[in-house]
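S.K.: attaching a predicted model along with its sequence, questions to come.
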Amino acid sequence: MKIAITVWGNRISPVFDAAQTLLVAEIRKAEIVSRNIKMFQAGVYSRFIKLLEELEVEVLICGALWDEPATLLEASGVEVIPFITGDTEAVLSFWAKGMDLMEYRMPGCPHCCCRRRS
């Protein structure tokens, strides 16, 4: 499985619309087997979705995300886990091991999407 995380430095980018860097990781049997960094143009959703499709990304973990890009991403078949904050490697490790991301949920997050789905 390939997942993507919008990053800013070594942390989850706090706002999806401002992100320009994407960490793409491949996970097999709860192990991170590869990592790549990809740059993209912020706010150009069609290109971003095409990039995710080309990279065969199934899950996107990101910070704050508003409805329009969330709807477009989900319509393209990507599972979106928004409103996540914290150290990128810690979040990636938690996800790879199938652990709950609730401890990385942004304060005041109104969503229950932060739990790992089976």
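M.R.: On my side now, so go ahead. Numbers count the residues shown, from 1 in each chain.

S.K.: correct me, but V78 touches L52?
M.R.: Yes. At 5.7 Å, V78 and L52 qualify as touching, with contact defined as Cβ atoms under 8 Å. In this view, the C-beta of every residue, glycine as well, is placed from N, C-alpha and C.

S.K.: neighbour-wise, which of those two wins?
M.R.: Taking other Cβ atoms under 10 Å, V78 and L52 do not tie; L52 has more neighbours (23 against 20).

S.K.: can you name the residues that contact the more buried one?
M.R.: L52 makes contact with A4, L60, L73, S76, V78, according to Cβ atoms under 8 Å, 6 or more residues apart in numbering.

S.K.: among those, which are located in strands?
M.R.: Among those, DSSP state E puts A4, L60 in strands.

S.K.: who touches the one residue sitting closest to the centre of the chain in this structure?
M.R.: Residue closest to the mean C-alpha point of the chain, counted by Cα atoms, centre = their mean, is I61 at 1.8 Å. Contact analysis of I61 by Cβ under 8 Å, 6+ apart lists I3, A4, I5, T6, I12, I81, I84, V91, W95, L101.
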